[in-house]
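Enquirer: Model the following, please.
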Amino acid sequence: MKNKNNILLFIFFIAFAGLYFSKTALSIFPYLLIIYGLSQKNSIQRLKGIIHNKSIMSIMLIFFVYLLSGINSENTSKWLEKLNTNLIYIAIPLGVYLSGNYTKSTLNRIISLFVVINTLLNIFLLINYILHFEIVNQQYLRGQTIYTPIMHVRYSYFVALSIIFSSYLFIINLKTKFKYFWGIITIFLIIFLHILAVRTGILSIYITLFTMGIYFALKFRKHKELITGLIVFFLIITISFFTFPSIKNKIKYSLWDIKSTINHTARYHTSDRIRIYSIINGIKLVNENPVFGTGIGDIYTEMDKKYNINYPDLPKEYRFGPIDQFLFTMASMGITGFILLYGLLLLPIYFSKYKHKLLIPFYILTFATFLGENTIELIVGKTAFLVFLSLFLCNKPER
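Expert: Got it, this is the predicted structure:
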C-alpha cells in the first residue's frame, strides 16, 4: 500500500512540477494517472461504475459542451485544437476516479506536495526580489512584476490556492507539532502574495476569506466575531497597501493606466488598457451572438475583426480573447453554452456525497479569478483546476 501511495504521489509531483516548468509533463500526467488506475484491482468494475458517480460525470460532460460549440464554428481547425486541449475534462477526472480511494490522509499528502513545491519556488523568487529590490519595484511602475516561471496571473492563482490549502493543513494540525510548520508557511505565502502584487491573486484570496468568514459567522451566530473580523480584514488590506513597495507602485501604475485610457493620453498600449479593449470587444460579440456565441473555433477570428474596427492600431501580439472567463464563455458559446458549462461545473456541489472541506473555498477562489482572467482556458490553469476539483470530488471517508 505504501509503495502504491508513493507511485501516486510521484505522478502528482510530475503534474505539479509541470505546471511551472513543462507542458509536456502536463500532457503526459492524465494518461499516467489512467494507466496507474487501470493497473489497480477491480479497475474494470470501477470503470463500469463511473456512470453512477454523478459528480465526476458532470465534469467529464463539459468536454461535450466544447464539442457542441463547433456546430456554428467555421474555423474547424481551431475548433479541433480546442477539443484536443479540452480532452483533459475527461482524462483527469477519469484518472483520479480510477486511481484509488482518496482518503483524507492521501489527499493531505497531495495538497501538501503542491504547497511545498509552490513555497520553495516562492522562496527562490523572494531572494531574487530582495537582490534586485530597487530595479524590480521600479518595474511595477511600468506594469511589470517579479519574474515568475509562468504567466504572473496564473502564478498568483497558485499562490492563492497554496494559502487556502496551507491554512487548512494548519487547522487540521492544531493538536500536533506540524501546526508551526504550516502556520509559518501560511504567513509566508500571504506576505509573498502581497509582494508579488498581482491583483487577480490578491483579490481572489480576499474574496474567498471574506465570503467564508461571513458564512461561518452567520451560520454559528458569531456576530461580534464577524464585526471584529471585518475590521481586522480591512486593516490588513490597508496596511498591506502602505507597507509593500510593489503594491504601492502597482496601484500608482493602475491609476495612471486607467486615467490615461479614459483621457486617451498614453502613447503606448498598457496592461489594463488591453484588458479593457478585450472586454469591450467581447461584450459586442455577445450582443451580436447572444444564443450560441461565435463558436469556440471562431472566437479569436471574430475578436480580431472587432479589433480591426475598434482598435486598428493595436498590435497583433496584444489582441486577446475576452480577458474574463465568464465573458469568454458567453462570447464563444452564447447563453446556451454558458448555462451548460457552468451548470455542469457547479452540479458536483449538489451531487457530491462526501464534500471535502476545501471544495467550496476552492470553487469561490477559482471563480473569483474568472473576473479578470481566462483561468481555465489555457492548459496550465485548466489542469490545476481539474486536478484539485476531481480530488475533492473523489474524497472518501477514512475506514
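
Enquirer: for the helix or strand hosting I28, packing partners?
Expert: Here I28, judged by DSSP states H and E, is contained in helix 23-38. On a contact count with 3 or more CB pairs under 8 Å, 6 or more residues apart in numbering; DSSP states H and E, helix 23-38 meets helix 2-21, helix 43-49, helix 88-98, helix 379-393. To be clear about C-beta, it is placed using only N, CA and C from the backbone, and glycine gets the same treatment.

Enquirer: List the contacts of it.
Expert: 7-8, 11, 14-15, 17-19, 43, 46-47, 88, 91-92, 94-100, 379-380, 383 (CB atoms under 8 Å, 6 or more residues apart in numbering).

Enquirer: swap the cut-off to 7 Å and go again
Expert: Around helix 23-38, the neighbours that count as contacts under CB atoms under 7 Å, 6 or more residues apart in numbering are 7-8, 11, 14-15, 17-19, 43, 88, 91-92, 94-96, 98-99, 379, 383.

Enquirer: Send me it as CSV with only the CA atoms.
Expert: Output for helix 23-38, consisting of C-alpha atoms alone and laid out as CSV, is shown next (Å, rounded to 0.1, in the frame of the first residue of the first chain):
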residue,chain,number,x,y,z
LYS,A,23,3.7,21.5,-20.7
THR,A,24,4.9,18.1,-21.9
ALA,A,25,4.7,16.7,-18.4
LEU,A,26,1.2,18.2,-18.1
SER,A,27,0.1,16.4,-21.3
ILE,A,28,1.5,13.1,-20.1
PHE,A,29,0.2,13.3,-16.5
PRO,A,30,-3.5,12.4,-17.1
TYR,A,31,-2.6,9.3,-19.0
LEU,A,32,-0.1,8.2,-16.4
LEU,A,33,-2.9,8.5,-13.9
ILE,A,34,-5.3,6.5,-16.1
ILE,A,35,-2.7,3.7,-16.6
TYR,A,36,-2.0,3.6,-12.9
GLY,A,37,-5.7,3.4,-12.2
LEU,A,38,-6.3,0.6,-14.7
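
Enquirer: Show me what the mean pLDDT comes to for that helix.
Expert: Predicted confidence along helix 23-38 averages 92 (mean pLDDT).

Enquirer: Stretch 100-120 too?
Expert: Average pLDDT, stretch 100-120: 92.

Enquirer: Only the buried residues of it, if you could.
Expert: Residues 100, 102, 106-107, 110-115, 117-119 are the ones in stretch 100-120 that count as buried (16 or more other CB atoms under 10 Å).

Enquirer: try stretch 325-334
Expert: Taking 16+ other CB under 10 Å as the neighbour-count basis, stretch 325-334 is seen to contain the buried residues Q325, L327, F328, T329, M330, A331, S332, M333, G334.

Enquirer: How confident was the prediction at F292?
Expert: If you check F292, the pLDDT there is 93.

Enquirer: Then it would be within a strand, right?
Expert: No: inclusion of F292 in a strand is not indicated when DSSP: H, G, I helix; E, B strand; the rest coil is applied; the result is coil.

Enquirer: give me every residue that touches it.
Expert: Applying CB under 7 Å, 6+ apart to F292 gives the contacts N72, G334, T336.

Enquirer: Now it: closest residue in space that isn't a chain neighbour?
Expert: Among residues not flanking F292 along the chain, G334 sits closest, at 4.2 Å (CB to CB, 6 or more residues apart in numbering).

Enquirer: Same check on I205?
Expert: I205's closest residue in space is A160 (CB to CB, 6+ apart), at 4.5 Å.

Enquirer: any idea how far the one you found lies from S166?
Expert: Distance check for A160 against S166: by CB to CB, to the nearest Å, it reads 11 Å.

Enquirer: cool, and Y300?
Expert: Counting by CB to CB, the gap between Y300 and S166 amounts to 37 Å.

Enquirer: Going by how many neighbours each has, rank these two and give me the top one.
Expert: Taking neighbours as other CB atoms under 10 Å, Y300 and S166 compare with S166 leading, 27 against 16.

Enquirer: could the contacts of F292 be laid out in TSV, adding secondary structure, distance to L131 and pLDDT?
Expert: As requested, the contacts of F292 are arranged in TSV below (DSSP: H, G, I helix; E, B strand; the rest coil; distance: CB to CB, whole Å; pLDDT from 0 to 100):
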residue	secondary structure	distance to L131	pLDDT
N72	coil	53	85
G334	helix	50	94
T336	helix	52	95
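
Enquirer: could I get those residues as a markdown table with distance to T200?
Expert: Converted to a markdown table, the contacts of F292 look like this (distance: CB to CB, whole Å):
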| residue | distance to T200 |
| --- | --- |
| N72 | 31 |
| G334 | 26 |
| T336 | 28 |
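
Enquirer: contacting residues around stretch 136-147?
Expert: Residues outside stretch 136-147 that contact it (CB under 7 Å, 6+ apart): 125, 128-129, 152, 196-198, 245-246, 249-250, 252-253, 257, 270-271.

Enquirer: what's the span of that stretch from first residue to last?
Expert: The straight-line separation of the ends of stretch 136-147 (CA to CA, to the nearest Å) is 9 Å.

Enquirer: Report pLDDT for E225.
Expert: At E225 the predicted local distance difference test score is 63.
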